Structure formats: structure tokens, C-alpha cells
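**Q** 3D model of this:
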Amino acid sequence: MPKMKTKASVKKRFKMTATGKIKCGQAGKRHMMIRRSNKFIRNARGMAVISEPDTKIIKKMAPYGL
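**A** Presented below is the predicted three-dimensional model:
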């Protein structure tokens, strides 16, 4: 059997931690930041760990890890 391919969109958008959790960029930071509160901007810095049900979906799209 040939190897399964990893979805290109998953490669671009997600990273895996050493413990197997999936990280992604925070949503809602692309435009219209003038109306966002300073608290939102501060809390939305960096990467976020996604939930366990979503992690299962992403791992199916990346069969050999990221």
C-alpha cells in the first residue's frame, strides 16, 4: 500500500506538542482589531491548544504526525 498523504492545509495551520496535543494560531486577530479590547488582544497572543474532539479530527488528517 502507498503511504497516506497529510492534508496540506493541516500542515500549514497546526503544530504538535511533545505530548501529542495540537496547537493552532488564535482566531479573530486578522482584521478589525481597532474595536477589540486590549484584554482580548493580550489574551489572544501566541498559540492555543485545541480541544480533544478536534484533536482527533486533525490527527486523522495527519496520519504520521506534523
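**Q** Ramachandran coordinates for Ala27?
**A** With angles defined as degrees, to the nearest 10, Ala27 sits at phi -80, psi 160.
**Q** what number of residues lie near it?
**A** 8 (other C-beta atoms under 10 Å). Where you see a C-beta, it was placed from the backbone N, CA and C, and this is true even at glycine.
**Q** Please apply the same query to Lys7.
**A** Neighbours of Lys7 using other C-beta under 10 Å come to 14.
**Q** Leaving out chain neighbours, which residue sits closest to it?
**A** Met61 (4.2 Å; C-beta to C-beta, 6 or more residues apart in numbering).
**Q** Check Lys59 too.
**A** Among residues not flanking Lys59 along the chain, Ile22 sits closest, at 7.5 Å (C-beta to C-beta, 6+ apart).
**Q** middle-most residue in this protein, spatially?
**A** Nearest residue to the geometric centre of the chain (C-alpha atoms, centre = their mean): Cys24, 2.2 Å.
**Q** Doesn't it lie inside a strand?
**A** Yes - judged by DSSP: H, G, I helix; E, B strand; the rest coil, Cys24 forms part of a strand.
**Q** Tell me how far it lies from Arg30.
**A** 14 Å (C-beta to C-beta, to the nearest Å).
**Q** related to what we said a few turns ago, ok, the residue nearest to the centre of the chain to Ile34 distance?
**A** 24 Å.
**Q** Show me how far the helix ranked longest in the chain is from its chain's centre.
**A** The longest helix of the chain (DSSP state H) is helix 52-61. Here the centre of helix 52-61 is set off from its chain's centre by 10 Å, with C-alpha atoms, centre = their mean, to the nearest Å.
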